[in-house]
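**Q** Fold the following and give me the result.
(chains A and B, ligands or ions: 2)
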Amino acid sequence: MIEIDAITKCYDGQPAVDAVSMTVESGTITAIVGTSGSGKTTLLRMINRLVEPSSGEVRINGQSTREEKPHLLRRRIGYAIQGHGLFPHQTVARNIGTVPRLLGWSKDKVRERVDELLRLFSMEPEEFRDRYPAELSGGQQQRVGVARALASRPDLLLMDEPFGALDPIIRTRAQEDLRQIQQKLGSTIMLVTHDMEEAIRLGDRVAVMDGGKLVQYGTPAEIIAEPASDFVAHMVGDVERPLRLLSLLPLGDLVEEGEAEGEPLPAEASLREALSACLWNGKQAVPVERDGKVVGRVTLDAIRARAGHHG
Amino acid sequence: MSIRTAGRGLSPPGLLFAMLGAAALALPFMTLSPNRIVSGQGVAAWAVAAPGIALPGLAAVLAGLVLGLAAAYPKLRLAGALAGLAGLLWLLSQGAAALLDGAGEYARVSPAAGFWCLGLVLMLQVADAMATLRPGPGLRALLLAAFLAVLAAILWSGLLSDLSVMVEYASRARAFRDATLRHLGLAFGSLAAAGVIGFPLGILCHRQATLRGATLPVLSFLQTIPSLAMFGLMIPILGWVGATFPAARAVGIAGIGFAPAFLALVLYSLLPVVANTVAGLASTPPAALEAARGMGMTAGQRLWQVELPLGLPVILAGLRIVLVQNVGLAVIAGLIGGGGYGTFVFQGLNQTATDLILLGALPTVLLALVAAIVMDILVELARRTPETTP
Ligand SMILES: Nc1ncnc2c1ncn2[C@@H]1O[C@H](COP(=O)(O)OP(=O)(O)OP(=O)(O)O)[C@@H](O)[C@H]1O
Ligand SMILES: [Mg+2]
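**A** Numbering: from 1, shown residues only, chains lettered A, B, ... in the order given. Ligands and ions are numbered 1, 2, ... in the order given. Just a heads-up that it's a prediction; the model follows:
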């Protein structure tokens, strides 16, 4: 658990981060989102003390980060930055092995870990291990950057716009990969983005920053359904809000008895998919199946009612 | 064949070399003088020896220049240049023997303007062909070694021993060896000292902007002091040190000799070493440095594992400047009794013995050339890892 307690950073008397407090549960992804200059990077960098807070403190599992030497603290926290920051003079393997080497792992153990990570990010170790960063595509560089941040199996991973440089398709894939890897490893991730879409898709919790202040901190559904201010509502995008909300809700909740024509949807699919299916087929309802058996249907009216509930 | 395709077949630099070479052939190729001091009489290239001996040499030179015209075949241009140089060597060695024959006991023969110009033109042709061929660092090192081996063999064989400069050498072989050691000591010693002072200073300057702001202008100012003035300045300063501190005198510090020359060279070397160290360290991509910090590298680890390896090519380029510069500047040490090849240059100037000047100047040029090539190879090796894509 990470407790951020009234943390503030001032540059020339101007607060870049202003008394932010939040608690992050272990094993979750927290997305910090906000406009440019809102203090996201500064907040993130205060957690591993790349920036020293002007006041307030951060506690990781109850222990204040101030009790540890900064470089030792940073070795236990994974850190991936925008533009990957790979060392251009070192091979992919050496880059990924940086923190394990700093921690004094044996050569064999480092090599094993590097190969394991490369495979995890679907990059064939034989092919990529000995390449230099300049010999990789932008997306591969980014993945190596994230792999490097994961190398020592840190409990906490800080990521500053890790997918900023990727095109939309690769970006979506990288986000899915990250989700899967996080679930597999159970790590805690704090991720900075200025893209609300990404924050909602990835985050278990979303923290919205504006002008150095934390203006809302909650689940994606809360952020969409009950924006705390006009600013948050604007960030979410007023027009698409009902659709965004529907995409977060599973079909299962609205299943009712009855028949419907057409291809059944699995109960785990989102309401947004159900809506889409109804509109596309021109039907008033779609059948729903669970474990290959049709269990009922979801009607267009029910979906409409759910979307309008908060609107 | 149209004019354009004909033009494409001719190498423009080759054309220039051929014209310059042809003009240089009209200059006196060698001089014959009654003794080592009076200026002699020029002899044209075709008249240095009997036609049967001179003509093959001339033919080789001309053929070399003509081959240099082949734009599409850099290897042919290179081979031509080498053939031309061999022709020059032939003319020089055969000409020296022929001209001295019956010219009197004190007579001297020397290469003259024509020889030097042709030599320069053909060397340029070599450089031009090399620039097209772009041999890798390993091959360049091999070629350099081969060149030095051939040069040593020629000097060893006595092929050129009739030349005046070699006669000067023969009577000073020991002094020449001492001067060589001294020259190398001055050039490399000052480089090492500048490195020992300059690297740490450069690293400190990189870390602290205020120190950098104070240091670099001072070093730039030192660099602007004319070399003669710098060496002259060292005389009173070190003279005073030597006179005041017996311990300093005991290790050889005095107004003239090795110490002031060495110190002057070190002072000149500091700017390139420090400035290039600062520039090299500053060339680290900011994101890489940020990542290094974020992953928990200490300042020392960042310096050794990230900044220095990435800055190495720039730092080595600084050392290259220093080495080539110091090889040349060390000549001036001869003026204040510092030894080295400068001794011969200044003796020669005093005695108006041109060939004695050459005995000092030629090895200096050769040394500077070799130093430049070797350092270039090292810089390229250091640059081997691919650069980041922007
Ligand atoms: N080292 C610094 N010195 C002075 N001001 C700074 C420094 N670092 C950040 N700031 C200021 O603090 C504010 C917050 O910056 P920060 O980098 O945290 O923003 P951000 O939310 O990450 O923005 P972006 O999306 O553009 O990356 C900005 O106004 C910035 O100018
Ligand atoms: Mg930022």
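**Q** low-confidence ranges in the chain?
**A** I'll assume chain A. Low-confidence segments of chain A (pLDDT under 70): A:238-239, A:308-311.
**Q** Please refer instead to chain B.
**A** Looking at chain B by pLDDT under 70, you get B:1-8, B:385-390.
**Q** how about the strands of it, start to end?
**A** B:30-33, B:41-43, B:108-111 (DSSP state E).
**Q** so can I have CSV of the ones you listed showing distance to B:G158 and mean neighbour count?
**A** (Glycine included, C-beta is placed from N, CA and C.) Converted to CSV, the strands of chain B look like this (distance: least, Cβ to Cβ, whole Å; neighbours: other Cβ atoms under 10 Å in any protein chain shown):
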stretch, distance to B:G158, mean neighbour count
strand B:30-33, 18, 22
strand B:41-43, 22, 16
strand B:108-111, 15, 24
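**Q** wouldn't B:T277 be in contact with B:G198 here?
**A** Yes - using Cβ atoms under 8 Å, B:T277 is in contact with B:G198, at 6.4 Å.
**Q** and A:R205, what does it touch?
**A** Going by Cβ atoms under 8 Å, 6 or more residues apart in numbering or on different chains, A:R205 touches A:V24, A:E25, A:T28, A:I29, A:T30, A:A31, A:Y217, A:G218, A:T219.
**Q** Output these as TSV; include the columns neighbour count, secondary structure and distance to B:G119.
**A** Output for the contacts of A:R205, formatted as TSV (neighbours: other Cβ atoms under 10 Å in any protein chain shown; DSSP: H, G, I helix; E, B strand; the rest coil; distance: Cβ to Cβ, whole Å):
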residue	neighbour count	secondary structure	distance to B:G119
A:V24	22	strand	76
A:E25	11	coil	80
A:T28	17	coil	77
A:I29	23	strand	73
A:T30	22	strand	74
A:A31	26	strand	72
A:Y217	20	strand	80
A:G218	18	strand	83
A:T219	14	coil	83
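**Q** returning to what we had before: of the strands of chain B, give the one that comes closest to A:K69.
**A** Counting by Cβ to Cβ, A:K69 lies closest to strand B:108-111 out of the strands of chain B; the figure is 69.7 Å.
**Q** And the closest one, how far out from the chain middle?
**A** A distance of 24 Å separates the centroid of the chain from that of strand B:108-111, by Cα atoms, centre = their mean, to the nearest Å.
**Q** Show me what that strand packs onto, helices and strands only.
**A** Applying 3 or more Cβ pairs under 8 Å, 6 or more residues apart in numbering or on different chains; DSSP states H and E, one finds that strand B:108-111 makes contact with strand B:30-33, helix B:74-100, helix B:164-170, helix B:354-382.
**Q** please redo it, this time with the cut-off set to 6 Å
**A** Helices and strands touching strand B:108-111, by 3 or more Cβ pairs under 6 Å, 6 or more residues apart in numbering or on different chains; DSSP states H and E, are strand B:30-33, helix B:74-100.
**Q** quick one: A:V144 and A:L136, what's the gap?
**A** Distance, A:V144 to A:L136, by Cβ to Cβ, to the nearest Å: 7 Å.
**Q** Can you pull the domain assignment for chain B?
**A** Domain assignment for chain B by automatic domain parsing gives B:3-153, B:173-383.
**Q** Serialize those to TSV and add fields for distance to ligand 1.
**A** TSV is the format used below for these (distance: least, Cβ to the nearest ligand atom, whole Å):
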stretch	distance to ligand 1
domain B:3-153	42
domain B:173-383	12
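**Q** Out of those domains, which gets nearest to A:S55?
**A** The nearest among the domains of chain B, by Cβ to Cβ, is domain B:173-383 at 22.6 Å.
**Q** how far out from the middle of the chain is that closest one?
**A** Offset of domain B:173-383 from its chain centre (Cα atoms, centre = their mean): 15 Å.
**Q** tell me how far the ends of it are from each other?
**A** With Cα to Cα, to the nearest Å as the measure, the ends of domain B:173-383 fall 41 Å from one another.
**Q** Run the contact check for that domain versus chain A.
**A** Yes - interface with chain A: domain B:173-383 contributes B:A287, B:A288, B:E290, B:A291, B:G294, B:M295, B:G296, B:T298, B:P309, B:L310 (Cβ under 6 Å from any Cβ of the partner chain).
**Q** Pull out the buried residues from those residues.
**A** Those of the residues of domain B:173-383 next to chain A that meet the buried threshold are B:A287, B:A288, B:E290, B:A291, B:G294, B:M295, B:G296, B:P309, B:L310, by 16 or more other Cβ atoms under 10 Å in any protein chain shown.
**Q** And the residue nearest to the fifth one when sequence neighbours are not counted, how far from A:Y132?
**A** The shortest distance from B:G294 to any residue other than its chain neighbours is 3.7 Å, reached at A:Y79 (Cβ to Cβ, 6 or more residues apart in numbering or on different chains). Summarising the geometry, the distance separating A:Y79 from A:Y132, computed by Cβ to Cβ, is 21 Å.
**Q** Since that was my last question, I'll sign off now.
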